[in-house]
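Undergrad: 3D model of this:
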Amino acid sequence: MASKKKREEIFSSYPIPRAVAALAVPSVLSSLVNVIYNMADTYFVSLMKQTDATAAVSLTMPVFLFFVAFGNIFGVGGSAYISRSMGEGRNDRVKKISSFCIFMSIFSGLILLVLILILIKPLISALGSTNDVVYNYAYDYLKYIAIGGPMIVTSITAGNLVRGEGAAKESMTGMMIGTITNIILDPIMILTLNMGVGGAAIATVIGNVASVVYYAVYLMRGNSILSCNPKRFTLGDGIFKNVVPVGIPAAINNLLMSVSNILLNNFIKDYGEAAVAALGIAMKVNMLVAFLQMGIGIGVQPLIGYSFGAKNMTRLKKTMRFTMMCTLVIGTVLTIIYYLFTADIINIFNGENNALVTEYGVKILRGLMLAGPFLGIMFTYNFAFQGMGKSMPSLIISLGRQGLIFFPLLIVMSRFVGFNGIVYAQPVADLTCVILAAVMFAIINNKLKKNPAFYPQKS
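TA: Predicted coordinates for the structure are as follows:
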């Protein structure tokens, strides 16, 4: 387990490639684990050989993203503020930040639990259910996910906070424990115990409980500067206003991803349950590309936040350039692989070998991959904005990618291009946001150049 001193050295003195590797590799592995987490339910449910069951799991993904969103409000916002505070040498404030984030996560999860159980029936209808069988499967899945909501939100928050203090390996370990637990329980719950879709949800909840237990033990062992002591909880001392505004853009990204999934489901359900199932499969498979590149950006965010807190813009920009180069290479390689083996990848999750699911899935996945090489550049900019405490640019990117740019494109392109318009709306929105993010960072950097604290004037 990395010592507090070593974690500080990673931020302040490691060469850029070594620092990025130390922080990003565990984060990338965590993201990979997160993808497996999301794919596991779909894969094992597909072994039931019922397209309706696969469609139901796909339909419920937007609701799961609500829990992820609240986890990111306090996880991403808290992580960014923790790394900046460490750069400023304010370790006592770090304990208040972490305590605030953990207990607010539990509270948020309880609110979501109550709301979902009250509104579960109209919610499933709004998600785009195509028939009564899909409806019943979705109901079984959601009721258990809602019950486990507090643990899901807290698990996401705690993983981010631990990463924010530079303990990337420990953050990854907690997530891996949850994922491995989920993968072991999925076939037992779904197939052996014949619990079906509901069993998949129970396995997911137990996996998150396992992660929370690991993080709690880590915090209480004393090798962390974080705290889960309720006595340190406070809404004051600048904690709320520095955590929530930065975390909201990350949450909005998940919330809008949820809303966009609901819209996509409703737009595509006219093509039948095979198209709904194919959309869910393609989007989860596409997560591998998005989450791996996002993982690199998430990993370096504490390094960027620390550099900004220490007013070291040279180190900050070198970190960003190296990160973007890495994401471009990874995104390009994965895009090529996906184009070469599209049908084979889709059919891994096509338990019934439904030809329509394969046909639709190939079209959707290839469309989504158009932006594959460049997503990491956008994520790097966005996590840099969060690490620097620049909530508004981050909010603009989040609103644009999944909302203000995507929604109009989806409506217009689906009307004039039909099925292909539904497929290509997202990659067009992604590429637009890459350009927008680069422009906003250039504007921020030009303003900082006028501040001698960030850019000392040469004599």
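Undergrad: residues near C228, how many?
TA: C228 has 21 neighbouring residues, counting by other C-beta atoms under 10 Å. Yep, even glycine has a C-beta here, placed from its N, CA and C like the rest.
Undergrad: my guess is it contacts I102. True?
TA: Yes. Contact criterion C-beta atoms under 8 Å: C228 and I102 qualify, at 5.0 Å.
Undergrad: from the contact counts, what lies against the strand or helix carrying P122?
TA: Element membership for P122, per DSSP states H and E: helix 91-127. If you count contacts as 3 or more C-beta pairs under 8 Å, 6 or more residues apart in numbering; DSSP states H and E, helix 91-127 packs onto helix 51-87, helix 132-147, helix 149-164, helix 239-268.
Undergrad: Y218: which of those is closest?
TA: The minimum distance between Y218 and the helices and strands packed on helix 91-127 falls on helix 149-164, with 6.7 Å, by C-beta to C-beta.
Undergrad: any idea of the mean pLDDT in the closest one?
TA: For helix 149-164, the mean pLDDT works out to 89.
Undergrad: which parts of it are buried?
TA: For helix 149-164, a neighbour-count test (16 or more other C-beta atoms under 10 Å) marks 149-164 as buried.
Undergrad: now the angle from that helix to helix 91-127?
TA: Counting by axes from the mean of the first three to the mean of the last three C-alpha atoms, to 10 degrees, helix 149-164 lies at 140 degrees to helix 91-127.
Undergrad: what is helix 149-164 packed up against?
TA: helix 16-46, helix 51-87, helix 91-127, helix 168-187, helix 196-220, helix 273-309.
Undergrad: for this protein, what are the low-confidence residue spans?
TA: 1-8, 30, 34, 37-38, 41, 128-130, 254, 258, 457-459 (pLDDT under 70).
Undergrad: a markdown table please, covering the helices and strands packed on helix 149-164 and showing mean neighbour count.
TA: Listed next are the helices and strands packed on helix 149-164 as a markdown table, based on neighbours: other C-beta atoms under 10 Å:
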| stretch | mean neighbour count |
| --- | --- |
| helix 16-46 | 22 |
| helix 51-87 | 27 |
| helix 91-127 | 19 |
| helix 168-187 | 22 |
| helix 196-220 | 22 |
| helix 273-309 | 26 |
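Undergrad: returning to what we had before: show me how far the helix holding P122 is from its chain's centre.
TA: With C-alpha atoms, centre = their mean, to the nearest Å as the basis, helix 91-127 stands 16 Å off its chain's centre.
Undergrad: now do it and helix 239-268, the angle between them.
TA: Between the axes of helix 91-127 and helix 239-268, defined by the same axes, to 10 degrees, the angle is 20 degrees.
Undergrad: quick one, helix 91-127 and helix 51-87 angle?
TA: In terms of direction (the same axes, to 10 degrees), helix 91-127 departs from helix 51-87 by 160 degrees.
Undergrad: orientation of helix 91-127 relative to helix 273-309 in degrees?
TA: Angle, helix 91-127 to helix 273-309, by the same axes, to 10 degrees: 160 degrees.
Undergrad: okay, the angle between helix 91-127 and helix 196-220?
TA: Using the same axes, to 10 degrees: helix 91-127 against helix 196-220 is 170 degrees.
Undergrad: tell me what angle helix 91-127 forms with helix 132-147.
TA: Orientation note: helix 91-127 sits at an angle of 160 degrees relative to helix 132-147 (the same axes, to 10 degrees).
Undergrad: one step back: can you say which of the helices and strands packed on helix 149-164 is nearest to L399?
TA: For L399, the closest of these is helix 51-87, at 13.5 Å, according to C-beta to C-beta.
Undergrad: hmm, V57 and Y141 touching each other?
TA: Yes. With contact defined as C-beta under 8 Å, Y141 reaches V57; the gap is 6.4 Å.
Undergrad: which neighbours do those two share?
TA: By C-beta atoms under 8 Å, 6 or more residues apart in numbering, Y141 and V57 have these common neighbours: 197, 200.
Undergrad: re earlier: mind giving me TSV with the helices and strands packed on helix 149-164 and columns for distance to P373?
TA: Shown next, in TSV, are these (distance: least, C-beta to C-beta, whole Å):
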stretch	distance to P373
helix 16-46	17
helix 51-87	24
helix 91-127	31
helix 168-187	25
helix 196-220	31
helix 273-309	9
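Undergrad: so for L404, which of those helices sits nearest?
TA: helix 51-87 (17.3 Å).
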